[in-house]
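Trainee: sequence below, structure please.
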Amino acid sequence: MRNSRQIGLLVTSAAIPALVLIVLACTHGAGSSQAQQNGMHNCPQAGKWAISIWDGPDGTETGEALATCGAGIVDFAYYLDPETNGWLGYFDGRPELTNLLTLDNMQGIIAHGAMAPPPPTPTPEPTPSPLESSMHNCPQAGKWAISMWGGADGTETGEALATCGEGTVDSAYYLDPETNGWLGYFQGRPEITNLLTLDNVQGIIAHGAAGVPPSTATPTPASTPAPTPTPTPHATPTSQATATPEATPTPEPTATPGADFTRIIFLHHSTGANLIEQGEVRQRLTGLGYEFYDHGYNADGLTLADGTPAGRDFDVPGDNTDPDGLAVIFAQPLHDPPDNTFSHLMEYDVIAFKSCFPASNIQSGEQLADYESYYLSIRSRMDQYPNKIFIVITPPPEIPAETDAQAAARARAFSNWLASNEYVSGHPNVFTFNFFDLLADPSTNMLRANYQTGGDAHPNALANQTIGPLFADFIDQSVSTYTGG
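Mentor: Here you go, the predicted structure:
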């Protein structure tokens, strides 16, 4: 992998795209990443993500363009609107969900390879279309865009990005299409930059520096028009929610001076509901001066600080709060007024969230790596909001009838990792409550016998009465730690 030195600030090789970038197939190997003139450049590998570039006529139907990768090779794809920073999506065989209808020449998209695509028909190694030496589709100030370098292979990243205008781009990311690991460029920060060069027709996700004078910006070359966003709602269809790229980049806000961090929201399912009720979490936090809100299944919706139903919900995509579902939520754009789950959560000062016990049935090392990648992308998004406190809650353990020793050991490793310095150190507004550790028998890594009732994997009243006060106190201590109180 080119420029493969790993940096702690970047998502590592286990990650699925949070801020997604690619390399053109003709410069980075053949195989499933095919490319050709009047075709897609850097088609994704099976089960992986890539930023692919359409090289062909403006207004080409998205399905027709993606079919140049091979029939059935790409199962879904997303386009990041550079003006709204909302997503448009294409879903193979699902026209009723698709709102990314056409692609323009040199438009970059985030494409996902079908898990078991048919064998591609071999094609000659292509030559990319000749381009001017400049970045195409440079980002607007304070926003993200899928940009593409049109110039010589091996151009220094800073030099390439400077063609957008001096200081116009402050950061950019590239995703290795083979490992799905991250490389990043940070203007003026060579010590944490490991995206050192760009090749011709390489796609990156670039962020526009806020407050750059318009006169310094170089327009996208007229020879390759920037894609015109389709005026279609950009909400991700809930039935395809788990396919969304893992984090939509957003500008980092300024920390709120003197924030009191009194409004708490807890996103959960039934185990969380029992913890709140039987563990008297709301009462304890209210007594400490907080307003505690919680949201369960969509059907249950939001519960207000006084314990009454709000009569509305946050439209959690697919009602999914497993690690992949949480990653989808944290990938959503921040909108005001709120129109998606992430935007609703961000109305509060302290955001706590958890998966339920099925997430602890981790069947393989690959699944464990996927879980870690989801939470790395979530952490990247949390880092962007220093005026919020985030409470990560490890999933509760399974019961013996629903798991085995190997899966339970992986669940223990996952919870330990989330609670470790490796995950939280250097991220001062992120705290981990190790719910798993408090519930699990150390000898089996499964729910303690005295916390079980029959064959129910939900922790019982004794567990919730024991742990509820600890959870409330942990939130209070986290706020005090972050605010210096």
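
Trainee: what's M148 in contact with, if anything?
Mentor: The contact partners of M148, by C-beta atoms under 8 Å, 6 or more residues apart in numbering, come to I53, M106, G108, M135, H136, N137, V201, Q202, G203, I204. For every residue, glycine as well, the C-beta is placed using N, CA and C.

Trainee: are we agreed that it is in a strand?
Mentor: Yes. The assignment for M148, made by DSSP: H, G, I helix; E, B strand; the rest coil, places it in a strand.

Trainee: not counting its neighbours along the chain, what's nearest it?
Mentor: Spatial nearest neighbour of M148, chain neighbours left out: H136 (4.6 Å); criterion: C-beta to C-beta, 6 or more residues apart in numbering.

Trainee: does the one you found touch I146 like I think?
Mentor: No. Using C-beta atoms under 8 Å, H136 is not in contact with I146, being 9.6 Å away.

Trainee: keep only those of the contacts of M148 that are in strands.
Mentor: I53, G108, M135, H136, Q202, G203, I204 (DSSP state E).

Trainee: the second one and W54: what is the separation?
Mentor: Translated: G108. G108 sits at a distance of 8 Å from W54 (criterion: C-beta to C-beta, to the nearest Å).

Trainee: more crowded one of the two?
Mentor: Neighbours of G108 and W54, each counted by other C-beta atoms under 10 Å, are more numerous for G108; the result is 29 against 24.

Trainee: quick one: contacts for the more buried one?
Mentor: Residues in contact with G108 (C-beta under 8 Å, 6+ apart) are I51, S52, I53, W54, Y79, N137, I146, S147, M148, G203.

Trainee: top of these by neighbour count?
Mentor: Using other C-beta under 10 Å as the neighbour test, the contacts of G108 are led by S52, with 34 neighbours.

Trainee: residues contacting it?
Mentor: Neighbouring residues of S52 by C-beta under 8 Å, 6+ apart: 22, 40-44, 69, 74, 77, 108-111, 203.

Trainee: just put these in JSON lines and tack on secondary structure, pLDDT and distance to P397.
Mentor: Below are the contacts of S52 laid out as JSON lines (DSSP: H, G, I helix; E, B strand; the rest coil; pLDDT from 0 to 100; distance: C-beta to C-beta, whole Å):
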{"residue": "I22", "secondary structure": "coil", "pLDDT": "31", "distance to P397": "38"}
{"residue": "M40", "secondary structure": "strand", "pLDDT": "92", "distance to P397": "44"}
{"residue": "H41", "secondary structure": "strand", "pLDDT": "91", "distance to P397": "46"}
{"residue": "N42", "secondary structure": "coil", "pLDDT": "90", "distance to P397": "41"}
{"residue": "C43", "secondary structure": "coil", "pLDDT": "92", "distance to P397": "41"}
{"residue": "P44", "secondary structure": "coil", "pLDDT": "90", "distance to P397": "35"}
{"residue": "C69", "secondary structure": "helix", "pLDDT": "93", "distance to P397": "42"}
{"residue": "V74", "secondary structure": "strand", "pLDDT": "91", "distance to P397": "38"}
{"residue": "A77", "secondary structure": "strand", "pLDDT": "89", "distance to P397": "37"}
{"residue": "G108", "secondary structure": "strand", "pLDDT": "93", "distance to P397": "42"}
{"residue": "I109", "secondary structure": "strand", "pLDDT": "92", "distance to P397": "40"}
{"residue": "I110", "secondary structure": "strand", "pLDDT": "89", "distance to P397": "35"}
{"residue": "A111", "secondary structure": "strand", "pLDDT": "88", "distance to P397": "37"}
{"residue": "G203", "secondary structure": "strand", "pLDDT": "91", "distance to P397": "41"}
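
Trainee: of those residues, grab the buried ones for ChimeraX.
Mentor: If you want just the buried ones from the contacts of S52 in ChimeraX, going by 16 or more other C-beta atoms under 10 Å, the selection is:
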select :22,40,41,42,43,44,69,74,77,108,109,110,111,203
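
Trainee: save the contacts of S52 as JSON lines, and put in distance to T163 too.
Mentor: Shown next, in JSON lines, are the contacts of S52 (distance: C-beta to C-beta, whole Å):
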{"residue": "I22", "distance to T163": "19"}
{"residue": "M40", "distance to T163": "24"}
{"residue": "H41", "distance to T163": "20"}
{"residue": "N42", "distance to T163": "21"}
{"residue": "C43", "distance to T163": "26"}
{"residue": "P44", "distance to T163": "27"}
{"residue": "C69", "distance to T163": "29"}
{"residue": "V74", "distance to T163": "30"}
{"residue": "A77", "distance to T163": "27"}
{"residue": "G108", "distance to T163": "16"}
{"residue": "I109", "distance to T163": "22"}
{"residue": "I110", "distance to T163": "23"}
{"residue": "A111", "distance to T163": "25"}
{"residue": "G203", "distance to T163": "15"}
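
Trainee: tell me which residues are up against the helix or strand containing T286.
Mentor: Assigned by DSSP states H and E, T286 belongs to helix 281-287. If you take C-beta under 8 Å, 6+ apart as the criterion, helix 281-287 is touched by 264, 266, 275-276, 292, 294, 305, 307, 468-469, 471-473, 475-476.

Trainee: what is the longest helix along the chain packed up against?
Mentor: Using DSSP state H to define each element, the chain has its longest helix at helix 461-483. Applying 3 or more C-beta pairs under 8 Å, 6 or more residues apart in numbering; DSSP states H and E, we find helix 461-483 packed against helix 270-278, helix 281-287, strand 350-354, strand 389-393, strand 430-433, helix 435-439.

Trainee: any regions of this structure where pLDDT drops low?
Mentor: The model of the chain has pLDDT under 70 over residues 1-37, 116-132, 182, 211-259, 485.

Trainee: can you list the domains in it?
Mentor: By the assignment in automatic domain parsing, the chain contains the domains 25-243, 263-483.

Trainee: hmm, back to that, in ChimeraX, select just the buried ones from the contacts of helix 281-287.
Mentor: Buried residues among the contacts of helix 281-287 (16+ other C-beta under 10 Å), as a ChimeraX selection:
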select :264,266,275,276,292,294,305,468,471,472,475,476
